[in-house]
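Trainee: I would like the atomic coordinates for the input below:
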Amino acid sequence: MELNKFSIQPTLSSKTTWIAGITFTFLIAFLGYLLALAPGFNQVGQLACAITIAVVYRQIFGYPEKLKNGIVFSSKRLLRAAIILYGLKLNIAVVIEDGICLLLRDAGVIIFAIITTLGLAKLLKADKKISLLLGVGTGVCGAAAIAAVAPIVKSKEEDTAISVGIIALMGTVFSIFYIILLPLLPLDALQYGVWSGTTLHEVAHVALATAPAGEDALAIGMLAKLGRVFLLIPLCFLLIGVMKFKNKNTVDSKIEFPWFLIGFIIFSILGTFVFGRSIPVPEYVMEGLFTLTTWLLTAAMVGLGLNVSLKELRNKALRPLVVMTISSVALSIIVFFLV
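Mentor: Predicted coordinates:
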């Protein structure tokens, strides 16, 4: 009897700390949500606010080791769940209807962003892994793209977190700058929408920048952005092939297949061809799923943010930030003259 009591105690303790760790990430996510309601911070967004709080917490109080199991669950499992649900935001039919021109343009943007970022990183001797993540985030869809690619390129959690923080911050800065420039630009609403949707980092950034230009700009901006999100799928499979080829003669040659991408594809198909068509789904249900996606992604980013030691990354993140800023500015200027 005594043996049984002691044998189950670690399990109960483990479950308790696991739940407490997950709860802790959601608590910081909630604090990020509250901070994002404040003037000024409402332009930054919940995700960036939450990951900033997590990073600051780590620097002041250290990493909460007792809650590690739950925090790791959030940063890994909840992150993959968020990416799967993110597929609901991708309307494949709209992308297909717009045809090959949309995908070719967006493919060009992604290729330019990644190659330019990596080229500048080599020139400025910036951290290659963080620069790659920032290049993918700039070219595709910000935090979600970084989160999807990170396990494929075997990025450290702290590198992933700092990349997400940079992309969220700079994407917001660019969005606000676009809004300031809007009255001064020789672009009509549709041209401005295409420019924003083709160059800004996250879906939220596109919405933020195009809303002041009207519904037409917002609609075409989102369409331009959807093509880039769609190309996340082939990009991930391409990176898997590159990583396998690169590591084929090394001991660490095994690349774990990102099965959550299959879920992303399935949910994209469901959201496009099933929900609202074959199966009527109330709008409030879809909005609820989008909100859940945001919260899961935020909690996951908190888990990553708690791994960030600014002391260790102080010299590691500055150059990738400069590289990403230069490549983003170059992308904005080039696309501006093409629309």
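
Trainee: show me what contacts the residue positioned nearest the centre of the chain?
Mentor: In the chain, the centroid-proximal residue (C-alpha atoms, centre = their mean) is residue 143; its distance is 1.2 Å. Listed by C-beta atoms under 8 Å, 6 or more residues apart in numbering, the contact set of residue 143 reads 47, 137, 164, 167, 168, 202, 297, 301. Quick note: C-beta positions are derived from backbone N, CA and C, even for glycine.

Trainee: Looks to me like the fourth one is in a helix.
Mentor: Yep, that's residue 167 we're talking about. Yes. With DSSP: H, G, I helix; E, B strand; the rest coil as the criterion, residue 167 is part of a helix.

Trainee: mind checking the SS state of residue 187?
Mentor: Each residue gets one of three states, and residue 187 gets coil by three-state DSSP.

Trainee: how far is the helix or strand of the chain with the lowest mean pLDDT from where the chain is centred?
Mentor: Ranked by mean pLDDT, DSSP states H and E, the helix or strand of the chain with the weakest confidence is helix 92-98, at a mean of 73. Its chain's average C-alpha position is 22 Å from that of helix 92-98, according to C-alpha atoms, centre = their mean, to the nearest Å.

Trainee: Could you number the chain from 135 rather than 1 from now on?
Mentor: Sure thing, new numbering starts at 135, so read that last one as helix 226-232.

Trainee: what does it contact?
Mentor: The list of residues contacting helix 226-232 from outside it, by C-beta under 8 Å, 6+ apart, reads 236, 237, 357, 360, 361, 364, 402, 403, 406, 407.

Trainee: Render the CA-only coordinates of it in PDB, please.
Mentor: Provided in PDB are the C-alpha atoms of helix 226-232 (Å, rounded to 0.1, in the frame of the first residue of the first chain):
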ATOM      1  CA  ILE A 226      -7.800  28.000 -51.600                       C
ATOM      2  CA  ALA A 227     -10.600  28.700 -54.000                       C
ATOM      3  CA  VAL A 228      -9.800  32.400 -54.100                       C
ATOM      4  CA  VAL A 229      -6.200  31.800 -54.700                       C
ATOM      5  CA  ILE A 230      -6.900  29.300 -57.500                       C
ATOM      6  CA  GLU A 231      -9.500  31.600 -59.100                       C
ATOM      7  CA  ASP A 232      -7.000  34.500 -59.300                       C
END
